[in-house]
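J.: For reference, the sequence and a predicted model appear below.
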Amino acid sequence: MSRLIEKIALWIRTRSVFSHLLWATLLSTALLSLVLILSLQRVADEHPRRYLARALFDAFAQSALNPESDITIIGGAPMVFMTPEEADASEYAKLYQAAANDKDGIAIDRLGGRYAAVSVRGQKVAILPQFGQPISAFALMLVGLVVVAILLTITAIYFLIWRLTLPFDELTTGITRVEDGDLNYQIPLDKTFGEYRKFAEGFNTMVAELQHIHESRRHMLLALPHEILTPLSRLKVRKDLVQDANLRDQISRDISVVEEILSSILAAEKRNSGQAQAEFVDIEPYAAEQIAQLVDKGIDISISNETNSKTAYFDPFLTSVLLKNFVSNAVRYGRGNPISVKFSAVEGSDGDMRISVKDRGLGIAPDQLKYLMEPFWRADESRGRASGGYGLGLYLCKTIATGLNGRIDVESTLDVGTEISVILPEALCTSLEDISE
């Protein structure tokens with residue numbers, strides 16, 4: 001029983017405000033309607049009794065005024081006397097049964113176009129076959145008007161509640177759009193009112209501030225390559241003057257890391273500026289070349305092409321940034337275990353291709369996955385400092401993938417491994433005519 005109550009309480013808590021208001025209105029209206037119907041029923045029950053009382057009073061008055069007269073007609077028809085057997089077999093049988101079951105032995109009901117009354121006294125049954133008139137057409141019209149008024153009231157309340165809760169839809173849409181990363185979205189103020197509008201104004205101001213912070217951070221990232229390239233070029237010249245071969249190699253590797261970061265930033269800006277240049281590329285030789293530039297020969301990395309096509313149509317420079325970031329992360333956190341790189345077709349799509357990199361390493365906790373592509377964020381700061389990097393790679397990858405109308409998916413289990421993939425739309429087209437505008 002307690003579990004059922006908990007389920008009902010949970011169901012109520014998960015309903016919308018609109019549903020709560022509507023149900024409260026319907027229940028209160030139903031209660032008022034029930035009271036009104038019972039009142040009308042009471043009036044209908046009293047209606048024939050009033051006619052009977054009037055008929056009996058009229059007969060009593062005539063008897064008092066004319067003591068010698070024999071009053072047999074009450075309400076327009078003479079009284080009828082029967083035995084119980086005769087009454088049970090007559091047209092008054094139903095009325096007789098009701099009177100026989102009544103504690104006072106009296107029953108009144110409609111019979112044809114008028115009212116009739118039956119009184120049972122032992123073995124005698126007195127029947128007043130005709131008196132009064134049924135409820136008038138005007139009274140029935142009033143009942144109909146009451147019913148129509150109730151329906152109109154419910155309809156009006158429904159639309160009023162709908163109008164009052166309509167801004168909730170706009171607020172929900174705004175929150176969903178911002179959760180999806182659209183910081184340019186503003187809730188339309190003309191679709192809100194009252195307290196809703198104040199909330200929407202505050203929400204819009206907050207989102208605008210977030211967008212400003214985001215843009216400032218982006219401009220800072222884009223300014224880094226231009227500011228660093230010149231001193232980096234001088235550093236590349238000066239490192240050749242270092243006589244220690246090991247130190248010179250270490251400096252070269254550090255310079256390569258910085259160049260990789262700068263290339264990623266420039267690639268993201270290139271994509272946002274609409275400067276991507278796609279071409280048909282041999283999948284496996286391309287992947288092998290990019291990975292060879294990145295890792296040592298001793299690392300076990302397998303490349304498989306499951307697209308049923310030797311070539312794909314994509315921007316080789318931008319895709320190399322994605323692939324190198326994925327593979328470098330797999331090498332960095334893969335604990336030296338084998339790494340698989342797979343190219344495959346996306347089921348149910350129109351030529352979309354998925355590039356996935358899977359390792360069997362540290363993995364990522366579920367509560368940290370949603371922050372994985374935030375700039376300067378790392379799942380483990382100490383691990384990040386020890387392994388190198390600044391938490392920009394996947395942020396830039398996300399920017400590039402979004403610019404390509406693709407997306408990045410991440411599946412990870414802590415202490416088991418991570419699989420990260422990017423979907424490139426229409427990369428498996430056979431000709432340029434197959435690409436949708």
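T.: On my side now, so go ahead.
J.: Can you show me the helices along the stretch 201-350 of the chain?
T.: Along the stretch 201-350 of the chain, counting by DSSP state H, counting those that start in this stretch, helices occupy 245-272, 283-292, 316-333.
J.: in the last one, what's buried?
T.: Within helix 316-333, the residues that qualify as buried are 318-333, counting by 16 or more other CB atoms under 10 Å. Heads up, the C-betas are built off the backbone N, CA and C, glycines and all.
J.: that older thread, how about the helices of the stretch 201-350 of the chain in a markdown table, adding mean pLDDT and distance to residue 405?
T.: What follows is those, written out as a markdown table (pLDDT from 0 to 100; distance: least, CB to CB, whole Å):
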| stretch | mean pLDDT | distance to residue 405 |
| --- | --- | --- |
| helix 245-272 | 72 | 10 |
| helix 283-292 | 91 | 20 |
| helix 316-333 | 88 | 12 |
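J.: could you dump those to JSON lines with distance to residue 429?
T.: Putting the helices of the stretch 201-350 of the chain into JSON lines (distance: least, CB to CB, whole Å) gives the following:
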{"stretch": "helix 245-272", "distance to residue 429": "19"}
{"stretch": "helix 283-292", "distance to residue 429": "14"}
{"stretch": "helix 316-333", "distance to residue 429": "15"}
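J.: wait, doesn't residue 277 sit right on residue 319?
T.: No - using CB atoms under 8 Å, residue 277 makes no contact with residue 319, being 11.3 Å away.
J.: For the closest residue to residue 304 other than its chain neighbours, give the beta-bridge partners.
T.: Distances taken as CB to CB, 6 or more residues apart in numbering place residue 342 nearest to residue 304, at 5.0 Å, with adjacent residues excluded. Residue 342 has these beta-bridge partners by DSSP bridges: residue 304, residue 356.
J.: My guess is residue 342 contacts residue 358. True?
T.: Yes - using CB under 8 Å, residue 342 is in contact with residue 358, at 7.4 Å.
J.: where does the stretch 1-150 of the chain dip in pLDDT?
T.: Low-confidence segments of the stretch 1-150 of the chain, defined by pLDDT under 70: 10-18, 20, 37-76, 113, 131-140, 142.
J.: chain center to stretch 313-332, what's the gap?
T.: Put simply, stretch 313-332 sits 35 Å off its chain's centre (CA atoms, centre = their mean, to the nearest Å).
J.: residues in contact with residue 336?
T.: The contact partners of residue 336, by CB atoms under 8 Å, 6 or more residues apart in numbering, come to residue 299.
J.: got it, and the one 3 residues further on?
T.: Taking CB under 8 Å, 6+ apart as the contact definition, residue 339 lies against 299, 300, 301, 302, 327, 330, 331, 357, 358, 359.
J.: how much space is there between the third one and residue 357?
T.: This means residue 301. Noted for residue 301: a distance of 9 Å to residue 357, by CB to CB, to the nearest Å.
J.: Who has more neighbours out of those two?
T.: Between residue 301 and residue 357, residue 357 has the larger neighbour count (other CB atoms under 10 Å), namely 25 against 21.
J.: So the nearest residue to the more buried one once chain neighbours are set aside versus residue 165, what's the distance?
T.: Leaving aside its sequence neighbours, residue 357 sits nearest to residue 326 (CB to CB, 6+ apart; 3.9 Å). From residue 326 over to residue 165 the distance is 45 Å, taken as CB to CB.
J.: Over to residue 82?
T.: Residue 82 is 66 Å from residue 165, where distance means CB to CB.
J.: Please, where are all the strands along this protein?
T.: Counting by DSSP state E, the chain has strands at residues 73-74, 77-78, 80-82, 106-111, 114-121, 124-131, 279-282, 301-306, 311-314, 339-345, 353-358, 407-413, 417-424.
J.: center of this structure, which residue is that?
T.: Nearest to the geometric centre of the chain sits residue 172, at 9.0 Å (CA atoms, centre = their mean).
J.: Tell me which residues touch it, please.
T.: Going by CB under 8 Å, 6+ apart, the list of residues near residue 172 is empty.
J.: measure it to residue 203 for me?
T.: For residue 172 relative to residue 203 (CB to CB), the value is 11 Å.
J.: tally of neighbours for residue 9?
T.: Count around residue 9 with other CB under 10 Å applied: 10.
J.: show me the contacts for it.
T.: Contact analysis of residue 9 by CB under 8 Å, 6+ apart lists nothing.
J.: What distance do you get for residue 174 to residue 361?
T.: In this view, residue 174 and residue 361 are 39 Å apart by CB to CB.
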